[in-house]
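Trainee: Kindly return the folded structure for what I paste below:
(one chain, ligands or ions: 1)
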Amino acid sequence: MDNYIVSALKYRPATFKSVVGQRSLTTTLKNAILTGKLAHAYLFCGPRGVGKTTCARIFAKTINCSNLNAEGEACNECESCRSFNEQRSLNIYELDAASNNSVDDIRTLIEQVRIPPQSGKYKVYIIDEVHMLSTAAFNAFLKTLEEPPHYVIFILATTEKHKVLPTILSRCQIYDFSRISVKDIVDHLAYVAESEHIKAERDALNIIAIKADGGMRDSLSIFDQVASFTGGNITYQNIIENLNVLDYEYYFRLTDMLLANKVNDSLLLYNDILDKGFEGSRFIGGLASHFRDLLVAHDAATVKLLETSDNIRERYAAQAKQCPVTFLYRAIRLCNDCDMNYRASRNKRLLVELTLIELAQLTEGGDDSSGSGGSPTTMHQIKKIQPANMTAPAPTDNHASVGSAQQAPPPQQPLQEEQREQVATSPIQQPQNQSQVVIGGMLKNRSQKKVEVPVVSKGQLGISMLHANEKNNEKKEKAISAEVLEGLGNDPIAEDRLRFQIRRFAQILPIEHKALSIQLPNFVSKLLDATHLEFVVDNEFVAKELNEVIKVQMKNFLRKELNNAQLEISVRVSEKDENFRPVSGPDRFKFMAEKNKSLIDFQQKFGLELN
Ligand SMILES: [Zn+2]
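Mentor: Residues are numbered from 1 along each chain as shown. Next up, the predicted model:
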């Protein structure tokens, strides 16, 4: 063990060709070298452990090699290559910006940049985790990056590209390193295992690759760790036991339970998983991935999307056969919902358990294996809507069902009460020739053009919301008002009751005036005198809508509810700045600062920026 070298170092690629999983990128770099089209600055970005620094080093070595081979790889024999391989080359300079992020560190680097290489053509500066540089350091660096000496090449590496200043980004050629696929990692691990005379089951390597999440360095560290405590015999079983992995096994078992509607068993299994120290969110995320994998395994065409070994792939295919596609669709949706609500949930365990309970009920009641889509309840409802004499095949959504209902002869027998309710709750467009249109459960008269407000004539509120256009407004107003005025008193109007009733009115507005019903309680309104309520709104459009669409109804409603026959409503557009309500950050700040000057001091003292 004296000379033990960790695999990540020992098997660190020395040529572009041996870099795992970044083929297109290494080819581009190689071509750039072969054609002599080198940029002065490169930015390598991507997740950790996928080969950014490795590629930067290979690149530095290759451009200095005096004897490139035909494939454009470094020869590893010339003096320059050997000095690189023995880590004594003066032409490569690495700075870890995570720990050396000050202006002084950058100044030292800039000093160095001035000195031309003693041997070889290029000096290569690799700045790792470049996003960690302080702003001052960035600025100090910018000038050099803009106009570096011809013998200098910068390679900046980062895991977080979005944190790098745009001024830097725009001066670099950007290379995006991707996660390495599970298969590539497994292949490489198998190669390392073979070279080290370690026995390793492929399924086991697969787990390692998944656990490392596309990072080769992490995979190799885990591999080393496992190889040492298993004494050079890596099996699936000891990986599961030692790595604390939430493996397929759980998910396969759980899926069987869910398909068999075994709620209790699935809750117990979840308890086991929690006992082993796994987070609920990881569990639910893993379950969603499992369902996704099952979905993918359903079809020979997509099965290749499954990043796993052949053994496991067969198991997926076998379980996929047991799962109706609709079950998988809905299961994925449920898991996804759970995942999204997880963070906000106060009782996370209950949330996951509820999801499991729902999952376990998905296949209850059969009828699902057809994979025809649409839940059983939906199908049921849709069937009810159809006229009795319909013989066409069952449509799959509401629109289609209504469409075919129209083609069928009008039903002779009146709809059952139950059916009528069904119709009323569907979002339906019916043809012009039918005078009664049902929207959102309210009846609406279609015969008058421009008449847009649905009407409840016999609602428990006792108001008629017959709507009219402007010309008809007055006539109707009188007629309706007379009806409403009958027997009304003259109670004083209390401000709080008035607000309350306005809110109530807003709530009963039909769905097509949803926007108005939300805004209404927030409009600036005040009682000008004992009976005159004035709305002050922001623009003509709102004023028009209020005047034309709901003013009369609102007046009658309020008169009745407040028992005051005198109440009048007027609407006017506000003067400039009258209703000023700051929306944007700076506006709000200005608004607040006018009331409290010390806010400005605050802002200046801390150099705060508002946006
Ligand atoms: Zn060489």
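Trainee: switch to C-alpha atoms for all contacts and neighbour counts from now on
Mentor: Will do.
Trainee: how close does residue 542 get to the ion?
Mentor: Going from residue 542 to the ion by C-alpha to the ion, to the nearest Å gives 76 Å.
Trainee: Give me the distance from the helix or strand where that residue lies to the chain's centre.
Mentor: Counting by DSSP states H and E, the element that carries residue 542 is helix 540-545. Centroid separation between helix 540-545 and its chain, computed with C-alpha atoms, centre = their mean, to the nearest Å, is 37 Å.
Trainee: by contact count, what packs against it?
Mentor: strand 568-573 (3 or more C-alpha pairs under 8 Å, 6 or more residues apart in numbering; DSSP states H and E).
Trainee: Show me what secondary structure element comes after the strand it packs on.
Mentor: Using DSSP H and E, the helix or strand that follows strand 568-573 in sequence is helix 585-595.
Trainee: average pLDDT for that next one?
Mentor: Helix 585-595 shows a mean pLDDT of 74.
Trainee: And what about the one residue in the stretch 351-500 of the chain that gets nearest to the ion, helix, strand or coil?
Mentor: Residue of the stretch 351-500 of the chain nearest the ion, by C-alpha to the ion: residue 352 (58.3 Å). Counting by DSSP: H, G, I helix; E, B strand; the rest coil, the backbone at residue 352 sits in helix.
Trainee: What is the burial count for it?
Mentor: By the criterion of other C-alpha atoms under 10 Å, residue 352 has 22 neighbours.
Trainee: Please apply the same query to residue 540.
Mentor: Counted with other C-alpha under 10 Å, residues neighbouring residue 540 total 13.
Trainee: show me what contacts the closest residue to it other than its chain neighbours?
Mentor: Using C-alpha to C-alpha, 6 or more residues apart in numbering and skipping the chain neighbours, the partner closest in space to residue 540 is residue 573 (6.3 Å). Residues near residue 573 by C-alpha atoms under 8 Å, 6 or more residues apart in numbering: 536-540, 543.
Trainee: Among these, which one has the most neighbours?
Mentor: In terms of neighbour count, residue 537 stands highest of these at 22 neighbours, by other C-alpha under 10 Å.
Trainee: Mind listing the residues bridging to that one?
Mentor: Listed beta-bridge partners, residue 537: residue 573 (assigned using DSSP bridges).
Trainee: That one and residue 543 touch, don't they?
Mentor: Yes - in this structure, residue 537 is within contact of residue 543 by C-alpha atoms under 8 Å, at 6.3 Å.
Trainee: Could you check the pLDDT of the residue nearest to residue 540?
Mentor: Looking at residue 573, its pLDDT reads 82.
Trainee: got any ranges where this protein has weak pLDDT?
Mentor: 1-3, 365-484, 576-587, 609-611 (pLDDT under 70).
Trainee: Close to the ion: what parts of it are there?
Mentor: 65, 74-76, 78, 81 (C-alpha under 5 Å from the ion).
Trainee: which element follows whichever strand or helix holds residue 264 toward the C-terminus?
Mentor: Here residue 264 sits within helix 263-275, counting by DSSP H and E. Remark: after helix 263-275, the chain's next helix or strand is helix 280-297, criterion DSSP H and E.
Trainee: Tell me how far that following helix lies from the chain's centre.
Mentor: For helix 280-297, the distance to the chain centre is 17 Å (C-alpha atoms, centre = their mean).
Trainee: Buried residues of that helix, list them for me.
Mentor: Across helix 280-297, burial judged by 16 or more other C-alpha atoms under 10 Å covers 280-281, 283-297.
Trainee: Check the contact lists of residue 537 and residue 543 and give me the overlap.
Mentor: Counting by C-alpha under 8 Å, 6+ apart, the residues touching both residue 537 and residue 543 are 571-573.
Trainee: which ones are touching the residue lying closest to residue 107 once chain neighbours are set aside?
Mentor: Of all residues not flanking residue 107 in the chain, residue 140 sits nearest, at 7.4 Å (C-alpha to C-alpha, 6+ apart). Contacts for residue 140 (C-alpha under 8 Å, 6+ apart) come out as 103, 106-107.
Trainee: Just want to check the distance between residue 140 and the ion.
Mentor: 34 Å.
Trainee: now the helices for the stretch 101-250 of the chain?
Mentor: 103-113, 135-146, 166-169, 182-195, 202-211, 216-229, 236-243, 248-259 (DSSP state H, counting those that start in this stretch).
Trainee: so of those helices, which one's packed in deepest?
Mentor: Most buried of those, by mean neighbour count (mean count of other C-alpha atoms under 10 Å): helix 202-211, with a mean of 23.
Trainee: Check what contacts that one and list those residues.
Mentor: Residues contacting helix 202-211 (C-alpha under 8 Å, 6+ apart): 182-183, 185-186, 189-190, 215, 219, 222-223, 234-237, 239, 245, 247, 308-309, 311-312.
Trainee: can you give me how far it is from the chain middle?
Mentor: Here helix 202-211 is found 28 Å from its chain centre; the criterion is C-alpha atoms, centre = their mean.
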